[in-house]
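Peer 1: Model the following, please.
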Amino acid sequence: MIDKTARYMSTFFLGLALVACPMATRAAPALASRPVLTLALAERLLQAALQEATRNGWPGVVAVVDDAGQVMALARMDNAYMRASVDLAPGKARTAVMFRRPTAVLEGAIDGPRPALVTAQGYVMMKGGEPIVMDGQVVGGIGVSVDTPDHDEQIAQAALTILK
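Peer 2: Presented below is the predicted three-dimensional model:
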């Protein structure tokens, strides 16, 4: 009786292995690959922005976020103009990522043909946020809050020149 059961079980497991084996040897579907923002690049972008701000005497806050809008690098310069800048800079960077465009475009839309954008809660629709694009993909964003909207935008755009 034991021999019959053992023979049955070994036959069962052999059959199971033969059925499962083709599934195990099939090639796995290829996963898409995409560029990602590294910490090293985030820090280089941050430093480039800080250099532009320092060169012009515009102290403030600069933030770099990844493609999910999460902060990777942030600096609050000495004598930053506004306390709110600590919230505004990462908010601008996150908004640029989520909308995949400069926040100046969104601010312009609110001031013009699309005032309803102001109802998008949790986003900062003010100049100074730029998406970080590599190989045609948004990999992150940079947000700046110093003293004026034009200065914010200039600093963010100056940082992006290191990608060229």
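Peer 1: which residue ranges form the strands in the chain?
Peer 2: Secondary structure of the chain (DSSP state E): strands at 61-66, 71-76, 129-134, 137-145.
Peer 1: deepest of those strands, which one?
Peer 2: Among those, strand 61-66 has the highest mean neighbour count (mean count of other C-beta atoms under 10 Å), at a mean of 28. From N, CA and C alone the C-beta is placed, and that goes for glycine too.
Peer 1: Off-centre distance for it?
Peer 2: 9 Å (C-alpha atoms, centre = their mean, to the nearest Å).
Peer 1: With only the CA atoms kept, save that strand in CSV.
Peer 2: C-alpha atoms of strand 61-66 as CSV (Å, rounded to 0.1, in the frame of the first residue of the first chain):
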residue,chain,number,x,y,z
VAL,A,61,14.4,78.8,-0.7
VAL,A,62,15.1,76.3,-3.5
ALA,A,63,13.6,72.8,-3.6
VAL,A,64,14.1,69.8,-6.0
VAL,A,65,11.6,67.0,-6.1
ASP,A,66,11.4,63.7,-7.9
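Peer 1: Name every strand pairing with it and say which way it goes.
Peer 2: strand 71-76 (antiparallel), strand 137-145 (antiparallel) (DSSP bridges).
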